[in-house]
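no sequence for this one, just the structure:
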């Protein structure tokens, strides 16, 4: 059974850092494209980063480029999102997802990130 479980969210002041974790089971994330997404209240979900860890390919949305970094621990099957220089506009629920088919088809439950000004 495919499962993704995010953690690491919380309340942080602007300029601070957080590291989100996504523990995956039921598959090896090295073999698939993985993504981090976020959804702020009243806004549509947006892609933050996507990565093919096995191929060392990463992509970042312009809004987070230079501040966020995605990495993975293949031995533990954990995907990370390292977030630094956080801004109030980064406040959202963050989700990880895996693209096993033509689209991202398995999602975690999300973790809340709140950045205070």
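Nice, thanks for sending it over. Source: prediction; values computed, not measured.

Can I take it that residue 66 is in a strand?
No: with DSSP: H, G, I helix; E, B strand; the rest coil as the criterion, residue 66 is assigned coil and is not in a strand.

Report the beta-bridge partner residues of the residue positioned nearest the centre of the chain.
Central residue of the chain (CA atoms, centre = their mean): residue 36, 3.0 Å from the mean position. Per DSSP bridges, the residues bridged to residue 36 are residue 49, residue 96.

Ok, residue 23 next?
Note on residue 23: beta-bridge partners by DSSP bridges are residue 5, residue 78.

measure it to residue 110 for me?
To residue 110, residue 23 is 14 Å away according to CB to CB, to the nearest Å. For every residue, glycine as well, the C-beta is placed using N, CA and C.

if I pick the residue nearest to the centre of the chain, what's in contact with it?
When contacts are counted by CB atoms under 8 Å, 6 or more residues apart in numbering, residue 36 is found next to 20, 22, 47-50, 68, 70, 79, 81, 94-97.
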